[in-house]
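> Sequence first, then the predicted structure, then my questions.
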Amino acid sequence: MTAWIAFSVNGRAVDVEVNPMRRLADVLRDDLGLTGTKIGCNAGDCGACTVRLNGRQVCACLVPVAQAAGADVRTIEGLAAVEGLAAVEGHEGHDRHEGPLEVTDLAALQRAFLEIGAAQCGICTPGMLMAADDTLARHPRPTPAELADGLGGVLCRCTGYRKIAEAVAAASGGASVAAETAAVAVGADVGARLPKVDGIGRVTGVTQFGADERPSDGLAVRAVRSPHARARFTIGDLDQFRAAHPGLVRFLVAADIPGQNRYGIYPTGKDQPVLAEGEVRHRGEAVCALVGEEAILEVIDDAELPIAWQPLEPLADIETATAPGAPDLHDHAPGNVLVTGRLARGDIEAGFALGPDGPAATAAVEVETTFLEHAAIEPEAGWARRVGDRLELTVSTQAPYMDRDEVALILGIAPDRVRIVPTACGGGFGGKLDLGVHGLVATAAWLVGRPVRAVWTRPESMAASPKRHPARIRASAAADAEGRLTAFRFHGDFDTGAYASWGPTVANRVPVHAMGPYAVPAVLATTRAIHTNNPPAGAFRGFGVPQAAIAHEALMDDLATQLGIDPLELRHRNALRSGSVTASGQVLRASAGLAACLDALRPRWARLRAEVEAWNAGAAGRDEPSRRGVGIGAMWYGIGNTSMTNPSTIEMGLDRGGAVTLYSGAVDIGQGASTVLVQIAADALGVPAATVRLVSGDTDRTRDAGKSSASRQTFVSGNAARLAGEDLRRQLLRLAEVGDEAAIELGDGRVRLTEPGGPPVDIDLVELPTTATAAGDAWVLLGRGFYDPATTPLDADGQGVPYETYAFGAQVAVVEVDLELGTTRVHRIVAAHDVGRAINPTQVEGQIHGGIAQGLGLALMEAYVPGRTENLHDYLIPTIGDAPEIETILIEDPEPAGPYGAKGVGEPALVPTAPAILGAIHAATGARITRLPATPDRVLAALRALPDRRPPARRR
Ligand code: FES
């Protein structure tokens, strides 16, 4: 049933013939082409689709379009000062400077978001801006409480909300954004707070994400997923079913996969089928797929399909999977142990032996963490088309080149016959390092010969995407009377779920980091990745290191208490420094700034502890039920892949017109990689960053720059970008026969080079031969940079050089615990991070803020329960109301091997947050929470278990 519904959108009258019950969000996007309104959950949980309806913010996914009849609807496309923004940029808007759009075209809110760095991946940004627009309309100078109330319905997984709050305050007249930005933007591009090179598209909503393109003549593919965690199945007569459903073009089953029905991260670990072959190993696994008109697929009830299930007893957890007699889920993993990791150094028994020469204190801890969901606001999405004998896949991803190779295997064709065109990535955090929609859209488009699209629903994403590994950790440590660590022992079991995914990476990275950022003469660290019938656990910001840090930092607190040494001081005494030998036997070179981070925190640590002590005394005197505490966490993190090659190649071309383009295979997942790489390459060439265009991620137009993971893009691809810029510069200097000091000025069809005090030399670019590619790129000169970090394989004891460099950091948390309710409120985080060199301080701060928010979620609220968690109302992530005050201290201990001294910060920012919060809860209450998250019930149980339990406080 359809009806004509008339309303106004951004001041223009529209009249659409639709089902009146269709969601307003779908009508805006699909019927009116206003894809600036994003969809993250279709359940009113994430707020990405927030628009203003007659002035008030609403989730457009919850509004039947009939409700908009006669109403005034405002979307992100109506916020800017220019009209018709959606038509300004095409598909490539996300990876190029935004052509005709200028900062001056933007509304004040958008300008503030852009300049302050309040948009990272940008998927939440349109909804956030509309919520902010509504808030400012009601409260022109909002208080923090009004701001939290106004923006509380929109989730952001990237920013930690601080810069969003700053931007809204600035737009309301609270601060001069332009003046603040200009003050730090003077000088070279490296070190400047340049706005994102792709930022205008993100604050205007025109950046294209995975679900934003809908090819004409396209079909959709939808997976049919297992309702059982473990089962055998058979599929009956699908032809008969198809005949009864016009618009259903075909089914896909395992036998239809043209090539290899197995994929996985490691060449030796390809164990995950695109479509299951008679047996499913986790709930949500795809068993077959429907290809057809999208509207038809939406109404087909999977329960009607001829699938016969034979449920089997699932291996629900590590204990069950490793119990005697448990069935093996895979032939390659006897006992369900996928892989083990090990690091051994020094005499561990002697290090723990108590005695006159032995340690003065020992501590032990057991830690248990749960599955965590990435909860990127953009679910997995993309589309594919067959172009002759090639397959083009436009998709949201963190790893275009890995995707290319995996899709080629699935289709049974050579990798150069697959083209990956990354869309903007609406949050990754490791979750888009695995294949999502890829296998099915590629297979369907290949077989059907028409474009095929898929957008995972939020429950589908929750069921089928990889998770953070749950961990069971036992660890102990010993120290002498001066607090010097003498020994550290660690064992961690990680639930890697049904398939390998990144399980081997976690098992190998954790032993290297298990003892924390400390010099320890004797270490034994072992790990196992265990298969269960849970969703595959994969990469999630830190590859197991955040779980391990909870253990080593609890031990440091315990040893400090036993020895009567200040916890910060204990960490300082043991901190790895330049020249230290790590547990893997690596001698650290110049950059190891943990001691500097702790020195920077020391005065704040002392002041905050004194303030909290005074506050607690007052609270006790008033018989209030809350207590505050201050905790500290420290970390280190190896940059790049563990003990294996992980090179990047980046190119920089100069065309006949005098335009410079950076060809970068490194995708920006919101962390700012594109901006940072442009800044680095521009400085290396000697031109302003604003003059450099960018092509990002397209595998037909760039070289392989590896995955956006392991905090590697600034260090590894940054080095490649620097080398590309230097190579192009060298070629120009040679052509002009000028010296190294010459300044470069790009002109129209020429380049001018001028040595200090010398005459200008012009190179006429039109005279030079042009190289053109099939993908449409052309240049007269091309600089190329290649970088592969210097690592070595680890031996059987984990000895070697697993990473070329490490990031260090420490954070202090101030929390308030309600002793009656068990709730914890994080008031403040002070974060000091050694980033080597901050190429773009705004982006670095943004990464730290976002990492802290995810660390807070890990500590206090996030828990994915297989089979139960289905949406963002039953998986809680921090909102703006949970965001603490954050003070960021950037320590720049230059890394000689880094581009301009830079290292990386994406994952390091998250690692110390949960340890600091848990330490603060302990300081406030005396209870050490070791089973995460520290939900109110667990905090209360821990309080009740205290031997010197305080009498219940009275709530006033
Ligand atoms: Fe908010 Fe990515 S910038 S979700």
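Structure's in. What do you need?

> nearest spatial neighbour of the closest residue to the ligand within the stretch 401-550 of the chain, skipping sequence neighbours?
In the stretch 401-550 of the chain, the residue that lies nearest the ligand is Gly427 (4.9 Å; Cβ to the nearest ligand atom). (Each C-beta comes from the backbone N, C-alpha and C, glycine too.) Spatial nearest neighbour of Gly427, excluding adjacent residues (Cβ to Cβ, 6 or more residues apart in numbering): Ala376 at 3.0 Å.

> How about Val73?
According to Cβ to Cβ, 6+ apart, the nearest residue to Val73 is Val9 (4.8 Å).

> Hmm, the one you found is touching Leu34, no?
Yes - using Cβ atoms under 8 Å, Val9 is in contact with Leu34, at 7.0 Å.

> wait, is Thr561 part of a helix?
Yes - applying DSSP: H, G, I helix; E, B strand; the rest coil, one finds Thr561 inside a helix.

> Now do the contacts for it.
Shown in contact with Thr561 (Cβ atoms under 8 Å, 6 or more residues apart in numbering): Pro567.

> Count the residues that sit near His245.
The tally of other residues near His245 (other Cβ atoms under 10 Å) stands at 16.

> same question but for Met21, I mixed them up
10.

> So it sits against Val63, correct?
No - assessed by Cβ under 8 Å, Met21 is found out of contact with Val63, at 10.5 Å.

> that older thread, now do the shared contacts for Val9 and Leu34.
Leu28, Thr75.

> Show me where the stretch 801-950 of the chain has its helices.
Assigned by DSSP state H, counting those that start in this stretch, the helices in the stretch 801-950 of the chain fall at 841-860, 913-925, 936-944.

> sorry, back to before: quick one, phi/psi of the residue nearest to Val73?
Dihedral pair for Val9: phi -120, psi 120, per degrees, to the nearest 10.

> How confident was the prediction at it?
Listed pLDDT for Val9 reads 97.

> list the contacts for the residue of the stretch 301-450 of the chain found nearest the ligand?
Residue nearest to the ligand within the stretch 301-450 of the chain (Cβ to the nearest ligand atom): Ile377, separated by 4.3 Å. By Cβ under 8 Å, 6+ apart, Ile377 lies in contact with Lys38, Gly40, Cys46, Ala48, Cys121, Ile123, Cys124, Leu155, Cys156, Arg157, Gly426, Gly427.

> ok, and it, which helix or strand is that part of?
For Ile377, there is no enclosing helix or strand under DSSP states H and E.

> Tell me the pLDDT of it.
At Ile377, pLDDT is 98.

> quick one: it and Gly427, what's the gap?
To Gly427, Ile377 is 5 Å away according to Cβ to Cβ, to the nearest Å.

> what do those two both touch?
Cys121, Ile123, Arg157.

> Let's have these in CSV, adding distance to the ligand and pLDDT.
Below are the shared contacts of Ile377 and Gly427 laid out as CSV (distance: Cβ to the nearest ligand atom, whole Å; pLDDT from 0 to 100):
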residue, distance to the ligand, pLDDT
Cys121, 3, 97
Ile123, 5, 98
Arg157, 4, 98
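
> Switch the residues you listed over to TSV; also include secondary structure.
As requested, these are exported to TSV (three-state DSSP):
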residue	secondary structure
Cys121	coil
Ile123	coil
Arg157	coil
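
> Closest to Ser708 out of those?
Cys121 (11.3 Å; Cβ to Cβ).

> number of nearby residues for that closest one?
Residues near Cys121, counting by other Cβ under 10 Å: 28.

> so which helix or strand takes in Ala595?
Assigned by DSSP H and E, Ala595 falls in helix 594-621.

> after that helix comes which helix or strand?
strand 626-638.

> Who are the packing partners of that following strand?
helix 503-513, helix 545-563, helix 567-574, helix 594-621, strand 806-818, helix 913-925 (3 or more Cβ pairs under 8 Å, 6 or more residues apart in numbering; DSSP states H and E).

> Tell me which of the ones you listed lies nearest to the ligand.
Across the helices and strands packed on strand 626-638, closest to the ligand is helix 913-925 (Cβ to the nearest ligand atom), at 18.0 Å.

> got the residue ranges for the helices in the stretch 201-350 of the chain?
Under DSSP H, counting those that start in this stretch, the stretch 201-350 of the chain gives helices at 238-243, 294-299, 318-322, 348-352.

> In TSV, list those along with mean pLDDT.
Below are the helices of the stretch 201-350 of the chain laid out as TSV (pLDDT from 0 to 100):
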stretch	mean pLDDT
helix 238-243	90
helix 294-299	92
helix 318-322	98
helix 348-352	94
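
> As CSV, those with distance to the ligand and mean neighbour count would be great.
Putting these into CSV (distance: least, Cβ to the nearest ligand atom, whole Å; neighbours: other Cβ atoms under 10 Å) gives the following:
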stretch, distance to the ligand, mean neighbour count
helix 238-243, 39, 14
helix 294-299, 25, 14
helix 318-322, 32, 19
helix 348-352, 44, 18
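
> Val287 is nearest to which of the ones you listed?
Val287 lies closest, by Cβ to Cβ, to one member of the helices of the stretch 201-350 of the chain: helix 238-243, at 11.6 Å.
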